[in-house]
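**Q** Got a predicted model here, sequence first, then my questions.
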Amino acid sequence: MSKISDYYKLLEYSYDEVVRYLLNKYGPVSDDYFRENSYKRFLKGQIQNITKGKFARGKEGLFTHHIDEYIIIKLSDSNFLKEHRIPFRYQKKERLVYCDLIEHAILHILIEKETDGKVTILDNGKELVHRPGGYAAFISPMIEEWFIEERVPTPEWMIKSYNRAYLTASEACELLNYMDQVAGYKYPFPKTMEKYFERKRLQEGQALKAINKINEIRRKYYEELKESARGLHEKSPREQVLTKLYKFKIREEEINYKKFKSEMSKYFKEELIEQLNEYL
């Protein structure tokens, strides 16, 4: 059976079945994701970073997946771990599995398929609603960039991952489309290269229209700002002059109004109006 056929076959399995398949294919993970003592000290706020274990097989093009992302997202995100006081047991080597890029995508797709709205109860009694996002946010864009856009990565471990999971552009389109359907996405990935580039042209056109609209809004605002500033004179309230001048200045640099007002205190109102007229 070909590699691409294997990927489609895995999408017919349950999440647990795919995990067992990958454990059998690549063997058990060699070390915990984080060092336990370092992890506990980090949660207590005693250290700034957590020391990772020696589990990685990036030189073989493999990723390491937390099996329990089925119930808790972001198990490698230190900020999330600290915020929610996630127990160390989810980082143990028995709760990890190796996979290539596409197998990693499949694991996340099956999570999305099987865990819609799932709630996890932590040791502290707190509820976490499982809202997976790893596939759409990171994995799918990586597959698109590497195999459809044909932008080959440069870091050595990424090149290994690229070569191990290599797909042709048409294979990648079809597989991404099928995975999106399995996950139940309303608008799945384009199935063919022709539809992919058609969607890309449409997105670029929409983006250009949005940029033009923003630029037009900015132009109108600037013209209205200049028009309102032209009515200011020596008898206008100083605060009003300062406010208008600040609106011009902030277009050139980020500056806090309180700081700006303090810096302008050395100028007479007439001098402020002269500065304002430079913009008109």
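**A** On my side now, so go ahead.
**Q** May I ask which helix or strand encompasses residue 163?
**A** Using DSSP states H and E, residue 163 maps to helix 156-164.
**Q** Okay, buried residues for that helix please.
**A** 157, 158, 160, 161, 162, 164 (16 or more other CB atoms under 10 Å). For the C-beta atoms, the positions are set from N, CA and C on the backbone; glycine is no exception.
**Q** Other residues contacting it?
**A** Applying CB atoms under 8 Å, 6 or more residues apart in numbering, the contact partners of helix 156-164 are 58, 59, 60, 61, 62, 63, 100, 101, 146, 152, 153.
**Q** Please pick the buried ones from those residues.
**A** Neighbour-count burial (16+ other CB under 10 Å) applied to the contacts of helix 156-164 gives 61, 62, 63, 100, 101, 146.
**Q** The most centrally placed residue in the chain and residue 112, how far apart?
**A** Taking CA atoms, centre = their mean, the centroid of the chain lies closest to residue 137, which sits 4.9 Å from it. According to CB to CB, to the nearest Å, residue 137 and residue 112 sit 12 Å apart.
**Q** Also residue 153?
**A** Plainly put, residue 153 is 25 Å away from residue 112 if you go by CB to CB.
**Q** next one: residue 189
**A** 14 Å.
**Q** One more: residue 37?
**A** 34 Å.
**Q** and those two? which has more neighbours close in?
**A** Just comparing residue 37 and residue 112: by other CB atoms under 10 Å the higher neighbour count belongs to residue 112, 22 against 11.
**Q** which secondary structure element contains the more buried one?
**A** Here residue 112, judged by DSSP H and E, is contained in helix 101-114.
**Q** Is residue 83 part of a helix or strand, or is it coil?
**A** helix (DSSP: H, G, I helix; E, B strand; the rest coil).
**Q** in the stretch 1-150 of the chain, which spans are strands?
**A** Secondary structure of the stretch 1-150 of the chain, counting by DSSP state E, counting those that start in this stretch: strands at 63-66, 96-99, 119-121, 127-129.
**Q** Nearest to residue 234 among those strands would be which one?
**A** strand 127-129 (61.0 Å; CB to CB).
**Q** can you tell me the average pLDDT over the closest one?
**A** Mean pLDDT, strand 127-129: 73.
**Q** I'd like the numbering to begin with 878 instead of 1 from here.
**A** Got it, first residue is 878 now, which makes that one strand 1004-1006.
**Q** Which elements pack onto the top helix by length along the chain?
**A** Counting by DSSP state H, the longest helix found in the chain is helix 1070-1106. Under the contact criterion of 3 or more CB pairs under 8 Å, 6 or more residues apart in numbering; DSSP states H and E, helix 1070-1106 touches helix 1046-1060, helix 1115-1126.
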